[in-house]
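Colleague: I would like the atomic coordinates for the input below:
(one chain, ligands or ions: 1)
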Amino acid sequence: MDATDLPPGLDGNLVEFVKGGCEFEWQSYTKTRFYTNAFVINGNKLLLGFKKRGFGANLYNGFGGKVEPGETSAQAAARELKEESGIDAPLEHAGVLIFLTEGTDWAFHIDVFSAHSHTGVPTETDEMRPEWFSLTEDSLNGNDDRLGISSSSDLPSIPYSKMWADDIYWLPHLVEGKKFRGRADMVKDGDQFIMRKFWFGAVC
Ligand SMILES: Nc1[nH]c(=O)nc2c1ncn2[C@H]1C[C@H](O)[C@@H](COP(=O)(O)OP(=O)(O)OP(=O)(O)O)O1
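Modeller: Presented below is the predicted three-dimensional model:
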């Protein structure tokens, strides 16, 4: 894909999965803040955390936070995973997401990581309550959550309606092991954020 067709902030040889909000302009920004987000898979289970406080409270997400000065994003991802869930995992880089929120001039740059094994027992912390979810096909692609039916396994389905709006567009690709990139410009709708303009794609 021609780099000039990509949202500002993304580059490389990318193939589009999905886009929306074509009638809007991309929001401009002058600063970038670096964050991480880590997802641990164990066979047909995915570990998510219910965020108890702070930005994104009451949503399920991977484990992550700010990259501190002097840290690489991989180091930050491992530290945040341990701090928020009590486990260690051999994290690998899976994707990059750029998010903007209305009224700010800075972008979240989120390095997303995944792992297929871990050591330790996921443990609730002040910030996150870890829970395992089913990775059956209907759970992963959001059919179960959309239809409000429980998963065919003994674990709950992935709770997309209680996650950031963008997650359903890239989480299935992360689980399939595809590297991805994406950007979403968010606006506030009541007490939640919805995507005004977005683009998600795979790295060739
Ligand atoms: N639209 C979005 N979709 C998504 O899946 N994750 C998002 C997101 N916007 C932000 N995040 C993630 C990135 C990161 O893992 C988390 C925000 O980190 P935190 O709230 O933990 O940051 P803090 O500023 O509290 O940093 P720490 O104090 O270092 O934890 O939310």
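
Colleague: Could you check the pLDDT of the residue most central in space within the chain?
Modeller: Geometric centre of the chain, nearest residue: Asp167, 5.4 Å, by CA atoms, centre = their mean. We have a pLDDT of 98 for Asp167.

Colleague: Equivalent analysis for Met1, please.
Modeller: Each residue has a pLDDT score; the one for Met1 is 58.

Colleague: Same question for Gly148.
Modeller: Gly148 carries a pLDDT value of 87.

Colleague: list the contacts for it?
Modeller: Listed by CB atoms under 8 Å, 6 or more residues apart in numbering, the contact set of Gly148 is empty. For every residue, glycine as well, the C-beta is placed using N, CA and C.

Colleague: And it, its phi and psi?
Modeller: The phi and psi values for Gly148, taken as degrees, to the nearest 10, are phi 70, psi 30.

Colleague: can you pull the contacts of Ala77?
Modeller: Thr36, Asn37, Ala38, Gly64, Leu91, Asp111, Phe113.

Colleague: same deal with Ser153?
Modeller: Each residue near Ser153 by CB under 8 Å, 6+ apart is listed here: Asn44, Ser134, Thr136, Ser139.

Colleague: Nearest to the ligand among those residues?
Modeller: Checking the contacts of Ser153 against the ligand with CB to the nearest ligand atom, the nearest one is Ser139 at 17.1 Å.

Colleague: returning to what we had before: may I see the contacts of Ala77 arranged in a markdown table, with distance to Lys51, neighbour count and secondary structure as well?
Modeller: As requested, the contacts of Ala77 are exported to a markdown table (distance: CB to CB, whole Å; neighbours: other CB atoms under 10 Å; DSSP: H, G, I helix; E, B strand; the rest coil):
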| residue | distance to Lys51 | neighbour count | secondary structure |
| --- | --- | --- | --- |
| Thr36 | 14 | 28 | strand |
| Asn37 | 11 | 24 | strand |
| Ala38 | 14 | 29 | strand |
| Gly64 | 10 | 25 | coil |
| Leu91 | 19 | 22 | coil |
| Asp111 | 18 | 22 | strand |
| Phe113 | 17 | 28 | strand |
